[in-house]
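Undergrad: Pasting a predicted model and its sequence here:
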Amino acid sequence: MNTQNSHELFARAQGLMPGGVNSPVRAFKSVGGEPFFVHRADGAYLYDVDGNRYIDYVGSWGPMIVGHNHPAVLDAVLRTARDGLSFGTPNPLEVTMAETIARLAPACEMVRMVNSGTEATLSAIRLARGATGRARIVKFEGCYHGHGDSFLVKAGSGALTFGVPTSPGVPKALADLTLTLSYNDFEGATALFDECGDDIAGLIVEPVVGNANCLPPRDGYLQHLRDLCTRHGALLIFDEVMTGFRVALGGAQARYGVTPDLSTFGKIIGGGMPVGAYGGRADLMRQIAPSGPIYQAGTLSGNPVAMAAGLAMLELIQAPNFHADLERRTNALCDGLEAAAGEAGVPLTTQRVGGMFGLFFSDEKVDTYAQAVACDTAAFNRFFHAMLQRGVYLAPSAFEAGFMSSAHDDDVIHATLVAAREAFREAKA
Ligand code: PMP
């Protein structure tokens, strides 16, 4: 595969941008090698600057649930852009967006639009702290909530000890306020709330973890978290930046029937434009400026072009059976990959939830972060490159979920599995 043009662009980029990229995981550091540069995308495919085509299971890291460059989304963007790119006043599409979110995710009685998932989560924890008058927050090992200071923290020597910054620049004093739990561990969560539940402003969780591969909740786990938060007056925050509108039309909160106090969204909600949102109980959301004292603002928030893209996307995914069909495709892919790995004698298990999935190079079912970390990362990296050589682009890290789209038809899945049969054999140590 010729990647000369990508190689030259990456060489130029590295002198000008940290690591040659504008977001770290794009640089292929965890799988090795160099990223390819894309100039066009359509349906299930990416086209790079050297003329190579890839079946894409990253989908711009989640938004592209109807495939790339969907004509309805593109049309909405172009039509809206003709009337101006940004007004800095209220615009009607913001109201339609808030109504749409409130209808699809009824726990969001009120909504605030922002420009990224990061903004959504850091605003949500500010609200949790402001509303409860408490300072501590709880998160889970392996969950990613964007790059807000309070989230770039790992557990100290135990969940009950002070958090430790995972990035220079995060003050120790702030990290001290973040407590870290193991996802899917019932007793750990109970013990932590028994110890200091009344100091906790909020618990934030990816209801299906998509940043440690793909880890679904054990039966009753989300309800357990709900109950602990309710008992101790802490707010339950579902970070649905990845799962929202993907694991079900109403997100993980609909799929698992657990109602959070606050929710955060991103990705799909912007249709590929830079958008995030947070929402929840009206009594909480009213505490945000200007109706309340907790400050949060944004020059481009609710941008009309971004709202148009997101609304067009949300319209498309409300088609009858959209999510059932997406899930069927995800299952066909994952069943096929497990069979292909089995034929090649490569240990592989998968997890799938609606339109997201995880590949684990392991013999056993994986649903905890510790198990995900124990998988054979080197085997994943070999498989990743073997697939890339055959024109199939998986997330360039063993710890990222894969994303299905409605543009991945049976032919695309079949072509993926043909590539996978060879790739598993090649990737075998
Ligand atoms: N929350 C989750 C669950 C995410 O997966 C991400 C990004 N992948 C974020 C928050 C941050 O979103 P953004 O990159 O738009 O800031």
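TA: Now that the structure is in, tell me what you want to look at.

Undergrad: Now the terminal residues of stretch 78-89, how far apart.
TA: 20 Å (Cα to Cα, to the nearest Å).

Undergrad: And the strands in the stretch 201-350 of the chain, which stretches?
TA: 235-239, 262-265, 276-280, 349-353 (DSSP state E, counting those that start in this stretch).

Undergrad: Make TSV from the ones you listed and add distance to the ligand, mean neighbour count and mean pLDDT to it.
TA: C-betas here are computed from N, CA, C, even on glycine. Supplementary listing: those in TSV, determined by distance: least, Cβ to the nearest ligand atom, whole Å; neighbours: other Cβ atoms under 10 Å; pLDDT from 0 to 100:
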stretch	distance to the ligand	mean neighbour count	mean pLDDT
strand 235-239	5	29	99
strand 262-265	7	29	99
strand 276-280	6	28	98
strand 349-353	13	21	98
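
Undergrad: near the ligand, which residues of this structure show up?
TA: 61, 116-118, 121, 144-146, 206, 210-211, 239, 241-242, 266, 276 (Cβ under 6 Å from any ligand atom).

Undergrad: returning to what we had before: of the strands of the stretch 201-350 of the chain, which approaches Gly15 most closely?
TA: With Cβ to Cβ as the criterion, Gly15 lies closest to strand 276-280 of the strands of the stretch 201-350 of the chain, at 31.2 Å.

Undergrad: what sits against Lys29?
TA: Taking Cβ atoms under 8 Å, 6 or more residues apart in numbering as the criterion, Lys29 is in contact with Gly19.

Undergrad: A strand includes it, no?
TA: No. Assigned with DSSP: H, G, I helix; E, B strand; the rest coil, Lys29 falls outside any strand and is coil.

Undergrad: With adjacent residues omitted, what lies nearest to the residue of the chain found nearest the ligand?
TA: Going by Cβ to the nearest ligand atom, the ligand is nearest to Gly117 of the chain, at 2.2 Å. In this structure, Gly117 finds its nearest non-sequential neighbour in Gly266, 3.3 Å apart by Cβ to Cβ, 6 or more residues apart in numbering.

Undergrad: quick one on the thing from earlier: tell me the pLDDT at the residue of the chain closest to the ligand?
TA: With respect to pLDDT, Gly117 has a value of 98.

Undergrad: my guess is it contacts Tyr278, does it?
TA: No. Taking Cβ atoms under 8 Å as the definition, Gly117 is not a contact partner of Tyr278, at 9.7 Å.

Undergrad: anything in contact with each of those two?
TA: Common neighbours of Gly117 and Tyr278 (Cβ under 8 Å, 6+ apart) are 264-265.

Undergrad: re earlier: give me the pLDDT for the residue nearest to Gly117.
TA: So, for Gly266, pLDDT stands at 98.

Undergrad: That one: what's it in contact with?
TA: 62, 116-117, 120, 241-242, 244, 275-277.

Undergrad: Inside helices: which ones of the residues you listed?
TA: 117, 120 (DSSP state H).

Undergrad: which SS class is Ser86?
TA: Quick answer, by three-state DSSP: Ser86 is coil.

Undergrad: How about the backbone phi and psi for it?
TA: Main-chain torsions, Ser86, degrees, to the nearest 10: phi -160, psi 140.

Undergrad: Could you count how many residues lie near it?
TA: Neighbourhood size, Ser86 [other Cβ atoms under 10 Å]: 13.

Undergrad: unless I'm mixing things up, it is touching Gly298, no?
TA: No. With contact defined as Cβ under 8 Å, Ser86 does not count as touching Gly298 (11.1 Å).

Undergrad: what bridges to Phe403?
TA: Met356 (DSSP bridges).

Undergrad: neighbours of Ser30, just the number please.
TA: 17.

Undergrad: residues touching it, list them.
TA: Contact analysis of Ser30 by Cβ under 8 Å, 6+ apart lists 377, 381, 396-399.

Undergrad: Could you export those as a markdown table, including neighbour count?
TA: Output for those, formatted as a markdown table (neighbours: other Cβ atoms under 10 Å):
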| residue | neighbour count |
| --- | --- |
| Thr377 | 16 |
| Asn381 | 20 |
| Pro396 | 21 |
| Ser397 | 18 |
| Ala398 | 25 |
| Phe399 | 22 |
